[in-house]
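Undergrad: I need the structure of the sequence given here:
(2 chains)
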Amino acid sequence: MQLALFHCCHPRVFLKQGESITLLFKRMGIACVEINDFNCCGYPVKNINFMAYVTASARNLALAQRRRLNIVTYCSCCFGSMKQVRHIMRTDADVSKKVNATLKKEGLAYTGDAEVKHYLEVCHNDVGLDVIAQMVTKPFKNMKVAAQHGCHLLRPRHSTQFDNPSKPLIYDQLIGVTGAESVDWPNKLTCCSAPMEGINDRISMDILQNKIEKAGQAGADCVCTACANCQLQFDKVQKMLVTDRGLSHPVPSLSYIQLLGLSFGIEPQALYLDQHEIETNAVMSFQ
Amino acid sequence: MFFSIALYASLSIFVVGVIYKMAGWFGQNPDNNVDSTRPKRLLSTFLSMVAVVFSKKIFALLKALILDVLLQIRILRESPLRWVAHMLICWGFIFLLLTHALDHFTLKPLVAHYYPTLNPYLFLRNLFGAMVVVGILLSVLRRFFLTKGPRLTNAMDTYVLVLLAVVFVSGILLETVRLTSQTEFEFMVTDYAGLDLEADQEEVEQLESYWVQDFGLVSARVNRPFDAQTLEAGRQTHELFCAECHSSYQWAFMSYGTSKIIGPNIALKMDKQSVISFLWYLHVLSCFAGLAYLPFSKMFHVITSPISLLTNAVMGKEQSLALNTATRQAMELDACTHCGACSSHCSVGIAYDLISNMYVLPSEKISAAKALFKGKHLSRREWAVIANGFFFCVNCNRCTEVCPAGINLQDLWIDIREILLKREDPVYYMLSNLSFFRGLKRDTLSLDDYRQPIVRLREDVARKYKQIDQQTGSINLSQLDTGMTRRLSMSLQGESSSSCFTCTTCSLVCPVVANFKNPNDMLGLLPHQIVHAANLGVLNPIFGSNMLWSCLGCYECQENCPQGVQVTDVFYELKNIAIECFNQNLHGDQGDQLCN
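TA: Here you go, the predicted model:
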């Protein structure tokens, strides 16, 4: 199975999730194809110009469609954004016509074929829990994990179509396969508030701090993110909470790619865990 | 005499231009953050260069010299076609410069029996010329016909291509006319072979026949076909007088080929001293014009791009001195060739014509950066457009990765953005997720420098777009704007807002509202009030409300709305309209009535 790997712009600079996911997918028999012409999913400019956002996402879909590939993302924002645009392009004839007129200048068109998948979907639906379970060689024991989906993996449901947005199960099962336990925590499905970072840092830090405290109270040993933006928030901004607000009990965070990679017995350095600002050694001690 | 004067004049302009440009690198300081004089910066650069030469970094430097400068691997990675074109032009030009333009200083002193009309020089000159011509044709093809993604062509791109074309077309035509010229032949025969055109008529005609046959000469005196005897006699005369300095012109395949294309009739017509002189002046003057223009055009990259590639191979932002970074960035602006590789890979480049701002494109940001570094005077409106363009960037680093000149574009944008944010007008594009990167990197700025632009922006929005009448607590319905409701209902998501019956579910599930004990005071209008106000067409309170600009876009409200109102998407639409209005009001445009 081949999938076009979509790189989120922010982690291109800060994290190396793309490299890790390629490594993991290779083990699961999935080849990641790099399409160098991909552009930003458009999510960051949604506030400024909705059409610019739609056009940017549609261009990526058109590029994938031309290569007859589906897209896989490791960022819930990229996922939700492109899924929403896919929905718009399939249902709104006016917008679709306008966008395709712009794409035509490059000889591109999107007719609704290429699909967008989040890597959790690929793991759950295409690879399968039982296959992954067989690959887990170094399972976690007695570790409680706070799952952080990322808003746009779940909402709005009519376009994301990932899981039940008020009671999702897929992610918990995937965490369960690694031997860890996905705990219930009060703010599990809420926003990490990354969108306010840089615009209103007070809100960004308030909401994040509340989430971290709630996760800690629920007994979580770490937060596991499925979205690159959440991961940046739970690592870099949590570090700011420690230095600026004296957050006393930081909770280590890692992406599901890293959690799964560790359970496969991959070295932490190969998953770039040493680059985190909040120490992650505690996670490895549960193996 | 003319040649010398023109040469020294253009050479002087070139030298003065290069010195002027380089002096600029050590003088420009747009941020006023580098407290240093020009000599100090020059000294600092010199010391750092010496330090690099005597450190392990010398290997990185050598690697960059071979791979990036000589083999131009970065261009190959960008596009094989472009690489072929650039290598042909670059190396063809260098060899042509050494073996043709500067032959008095290179080949003449080195080679005992040097004549430009002998092989291998004759052939090589044509080969190198052909390399450049093919390269230029490929470049034109690529720039004007095979463009991929957004790429703008400015006047200088065209000037440079035209100037190069004039140099090469005139050079090839000059050689063509000379090799076909009977006048030139007669002159050579009289002067060098010592034959008299009348007294030695038979010998001259035999030689002429041989030259027509084998050297591409066009003659009005002798006509094909020639018998073998005449040709043999001609060959012997040739061996005696000419062969020492003339290889067969068939080796000059560019001009020989051209002479066959234009045919003998046109060649005869062009055989006039005036034509030869004209082409010679055109060729020489265009070369000198190119030399004089070089430091002021994008062709200056032949000097600056290698410098940029080499410095960036050994310089990183963190470990370098601020004054050296400032010098490097000023130099990098001169290394840009406006090739457009950055723009065709730009992650948000596709949006540039949708938001009518060419400064979204990295290749165009460079021209704005030059204006900034030179302290050029631009109107507030122009600066506002530029600032928004610079902010419309997701910091993905792709432009830096693909730049064939190795310019660290990303660092340049980040630094310039901060300079622009210090100007008087707020940058409204900051009110988006594009600010995420700046927020994450806030520790690279002083607290004041980081916070001040955000505070100023929010104050500006709150001041201009008064919310509710503070004294009476009521909304002034005379502000009612039906244009707004009309515009909202034009889109799928906007239309859904009319189903709202203010049940307040959206406000109850909003994580931002839940974050405050006193949300009304902190946020102005709550989500359900914004939807209601939008339905009424009351704009100012919405645009000025903290709630609109604190919306996370998390879709909780939309997911939970019992009426199917696409609350989050309606918010996006309101934010789009607001930011457009903010910019229009700032620009002093005659904004549509929505923005009053």
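
Undergrad: quick one: low-confidence parts of chain B?
TA: For chain B, the stretches with pLDDT under 70 are B:30-35, B:147-151, B:317-319, B:466-486, B:489-490, B:492, B:587-596.

Undergrad: can you pull out the strands in it?
TA: With strands called from DSSP state E, chain B shows none.

Undergrad: who are the neighbours in contact with the residue nearest to B:C242 when sequence neighbours are not counted?
TA: Distances taken as CB to CB, 6 or more residues apart in numbering or on different chains place B:A193 nearest to B:C242, at 6.9 Å, with adjacent residues excluded. C-beta here means a position set from N, CA and C on the backbone, and glycine is covered the same way. Contacts for B:A193 (CB atoms under 8 Å, 6 or more residues apart in numbering or on different chains) come out as B:L207, B:T237, B:L240, B:F241, B:C242.

Undergrad: Does the second one touch B:S209 like I think?
TA: No. Counting by CB atoms under 8 Å, no contact exists between B:T237 and B:S209, whose distance comes to 10.1 Å.

Undergrad: higher neighbour count, the two?
TA: B:S209 (24 against 21; other CB atoms under 10 Å in any protein chain shown).

Undergrad: To what extent is the closest residue to that one other than its chain neighbours buried, counted in neighbours?
TA: Nearest residue to B:S209, sequence neighbours excluded (CB to CB, 6+ apart): B:F226, at 4.4 Å. By other CB under 10 Å, the residues close to B:F226 number 18.

Undergrad: mind pulling up the phi and psi values for B:F226?
TA: phi -100, psi 140 (degrees, to the nearest 10).

Undergrad: quick one: it and B:Q213 touch, right?
TA: Yes. If you go by CB under 8 Å, B:F226 and B:Q213 touch, sitting 6.0 Å apart.

Undergrad: shared neighbours of these two, which are they?
TA: Common neighbours of B:F226 and B:Q213 (CB under 8 Å, 6+ apart) are B:G234.

Undergrad: In chain A, what residue spans correspond to strands?
TA: A:2-6, A:31-33, A:70-73, A:116-118, A:144-148, A:181-182, A:222-225, A:253-255.

Undergrad: average pLDDT for the third one?
TA: Mean pLDDT, strand A:70-73: 97.

Undergrad: ok, it: who's next to it in the sheet?
TA: Each strand paired with strand A:70-73, and its direction, by DSSP bridges: strand A:2-6 (parallel), strand A:116-118 (parallel).

Undergrad: Which one, of the ones you listed, ends up nearest to B:S367?
TA: Evaluated over those, closeness to B:S367 peaks at strand A:2-6, with 31.7 Å, by CB to CB.

Undergrad: if you compare the strands paired with strand A:70-73, which one is most tucked away?
TA: With neighbours defined as mean count of other CB atoms under 10 Å in any protein chain shown, those peak in mean count at strand A:116-118, which reaches a mean of 25.

Undergrad: which residues does A:L232 contact?
TA: Residues near A:L232 by CB under 8 Å, 6+ apart: A:H10, A:P11, A:F14, A:L15, A:A194, B:F436, B:L440.

Undergrad: can you pull the contacts of the closest residue to chain B within the stretch 101-250 of chain A?
TA: Minimum separation of the stretch 101-250 of chain A from chain B (CB to the nearest CB) falls at A:G198, amounting to 2.8 Å. A:G198 is in contact with A:S204, B:M430, B:S435, B:F436, B:F437, B:R438, B:G439, B:L440, B:R442, B:I454, counting by CB under 8 Å, 6+ apart.

Undergrad: can you do 10 Å?
TA: Listed by CB atoms under 10 Å, 6 or more residues apart in numbering or on different chains, the contact partners of A:G198 are A:204, B:430, B:432-442, B:450, B:454.

Undergrad: Check A:E267 too.
TA: Taking CB under 10 Å, 6+ apart, one finds A:G261, A:L273, A:D274 in contact with A:E267.

Undergrad: Low-confidence ranges, chain A, go.
TA: A:11-13.

Undergrad: tell me, what residue is most central in it?
TA: A:C227 (2.5 Å; CA atoms, centre = their mean).

Undergrad: can you tell me how far it sits from B:F391?
TA: Remark: distance between A:C227 and B:F391 (CB to CB, to the nearest Å) = 24 Å.

Undergrad: Could you do B:E495 as well?
TA: From B:E495 across to B:F391, the span is 31 Å (CB to CB).

Undergrad: got it, and A:V136?
TA: As judged by CB to CB, A:V136 and B:F391 stand 45 Å apart.

Undergrad: same question, B:L333
TA: Separation of B:L333 from B:F391 (CB to CB) stands at 19 Å.

Undergrad: Ok, A:N210 next?
TA: In terms of CB to CB, A:N210 sits 30 Å off from B:F391.

Undergrad: One more: B:S255?
TA: On the measure of CB to CB, B:S255 and B:F391 end up 54 Å apart.

Undergrad: can you give me the helices in the stretch 351-500 of chain B?
TA: B:362-373, B:380-391, B:398-402, B:409-421, B:436-440, B:447-464, B:482-488, B:492-495 (DSSP state H, counting those that start in this stretch).

Undergrad: wait, which of those is closest to chain A?
TA: helix B:436-440 (2.8 Å).

Undergrad: other SSEs contacting that closest one?
TA: Where contact means 3 or more CB pairs under 10 Å, 6 or more residues apart in numbering or on different chains; DSSP states H and E, helix B:436-440 is packed against helix A:9-14, helix A:201-217, helix A:228-232, helix B:409-421, helix B:447-464.

Undergrad: Highest mean neighbour count out of the ones you listed?
TA: Mean neighbour counts for those (mean count of other CB under 10 Å) peak at helix A:228-232, with a mean of 28.

Undergrad: Pull the distance from that one to the chain's centre.
TA: Per CA atoms, centre = their mean, to the nearest Å, the displacement of helix A:228-232 from the mean C-alpha position of its chain is 7 Å.

Undergrad: Send me it as CSV with only the CA atoms.
TA: Only the C-alpha atoms of helix A:228-232 are listed here, as CSV (Å, rounded to 0.1, in the frame of the first residue of the first chain):
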residue,chain,number,x,y,z
ALA,A,228,1.5,17.9,15.5
ASN,A,229,0.2,21.2,16.8
CYS,A,230,-1.0,19.6,20.0
GLN,A,231,2.4,18.1,20.4
LEU,A,232,4.1,21.5,20.1
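
Undergrad: Stretch A:20-34: how far from the chain's middle?
TA: On CA atoms, centre = their mean, the centre of stretch A:20-34 falls 16 Å from the chain's centre.

Undergrad: Correction: the previous question concerned stretch B:376-384.
TA: 21 Å.

Undergrad: now stretch A:186-203
TA: 16 Å.

Undergrad: Over to stretch B:110-126?
TA: 37 Å.
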